[in-house]
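Asker: Please find the sequence and the predicted model below.
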Amino acid sequence: MSVPESRRIVLFRHAKADWPQVTDHERPLAERGRMDAAEAGRRLADTAIPFDLALCSTAIRTRETWKLAVHEFQHRPKTVYEERVYEASPGELIALLSETPDDAQNVLLIGHNPGVQGLADVLSGSADGDARERMSRRGFPAGAFAVLSFSGSWKTLEPGVATLLDYWAPSE
């Protein structure tokens, strides 16, 4: 009998966006967002998680966040720009993640609220240390990320199966 493989998901909300006269999808990062995205990248690199895949919303602010964050990584994972991440609900994000090939062990999803925070809440049936308390207290501000783990195939991803291992948010 084989032991289910442990997988990690990092849910990463785009950094602080600017509000120019463009459509929501085309909003770029604000100056603070550019700094926070690079800092989040350094923090993600410090986790030493060997990401196999990054699923990134097609919105400009998520693409810019990812470009600045991944610059801090030693190894750049395969990146897929996925329209379905934009404005997705937690259920839609679970459905998208369930399509992930099982050879991808560690996945980073770069998206938007309220979907990203909702997904972190709905997936995490348990938490290590004070990660849940910190996430509950801070919410999921721009540039924040949560690290979750679960065992099994991506097709078995469902509410409550993951453990919230860590949470980070830029200081306000």
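Answerer: Looks like it arrived, so ask away. Numbers count the residues shown, from 1 in each chain.

Asker: From now on I want contacts and neighbour counts done on CA atoms only, so please keep to that.
Answerer: Noted.

Asker: Give me the longest helix you can find in this protein.
Answerer: Among the elements of type helix in the chain, defined by DSSP state H, the one spanning the most residues is helix 31-46.

Asker: Run through the neighbouring helices and strands of it.
Answerer: Applying 3 or more CA pairs under 8 Å, 6 or more residues apart in numbering; DSSP states H and E, one finds that helix 31-46 contacts helix 60-70.

Asker: quick one: buried residues of the longest helix of the chain?
Answerer: Across helix 31-46, burial judged by 16 or more other CA atoms under 10 Å covers 33-45.

Asker: So which of these is the closest to Leu97?
Answerer: For those, the closest approach to Leu97 (CA to CA) belongs to Leu44, at 19.7 Å.

Asker: Just give me the neighbour total for the nearest residue to Ala45 once chain neighbours are set aside.
Answerer: Nearest-residue entry for Ala45: Phe73, 5.3 Å, with adjacent residues in sequence omitted and distances by CA to CA, 6 or more residues apart in numbering. Neighbours of Phe73 under the rule other CA atoms under 10 Å: 19.

Asker: So what's the predicted local confidence for Phe73?
Answerer: For Phe73, the model assigns a pLDDT of 96.

Asker: OK, contacts around it?
Answerer: Residues in contact with Phe73 (CA atoms under 8 Å, 6 or more residues apart in numbering) are 41-42, 44-45.

Asker: And what about it, helix, strand or coil?
Answerer: When the structure is split into helix, strand and coil by DSSP: H, G, I helix; E, B strand; the rest coil, Phe73 lands in coil.

Asker: which stretches of this protein aren't confidently modelled?
Answerer: Per-residue confidence of the chain (counting by pLDDT under 70) places the weak regions at 1-4, 172.

Asker: Could I get the full set of helices for it?
Answerer: 31-46, 60-70, 90-97, 115-123, 131-138.

Asker: Flag every buried residue along stretch 67-77.
Answerer: For stretch 67-77, burial by neighbour count (16+ other CA under 10 Å) applies to 68-70, 72-73, 77.

Asker: oh sorry, the question was meant for stretch 14-22
Answerer: Burial within stretch 14-22, assessed by neighbour count using 16+ other CA under 10 Å, is assigned to 14-17.

Asker: Can I get the longest helix of the chain as CSV, trimmed to CA atoms?
Answerer: Coordinates of the C-alpha atoms in helix 31-46 are reproduced here as CSV (Å, rounded to 0.1, in the frame of the first residue of the first chain):
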residue,chain,number,x,y,z
GLU,A,31,4.9,51.7,-6.4
ARG,A,32,4.4,50.1,-3.0
GLY,A,33,3.0,47.0,-4.7
ARG,A,34,6.3,46.7,-6.7
MET,A,35,8.3,46.8,-3.5
ASP,A,36,6.0,44.4,-1.7
ALA,A,37,6.0,41.9,-4.6
ALA,A,38,9.8,41.7,-4.5
GLU,A,39,9.7,41.2,-0.7
ALA,A,40,7.1,38.5,-1.0
GLY,A,41,9.4,36.8,-3.6
ARG,A,42,12.3,36.9,-1.1
ARG,A,43,10.0,35.4,1.6
LEU,A,44,8.7,32.7,-0.8
ALA,A,45,12.3,31.9,-1.8
ASP,A,46,13.2,31.5,1.9
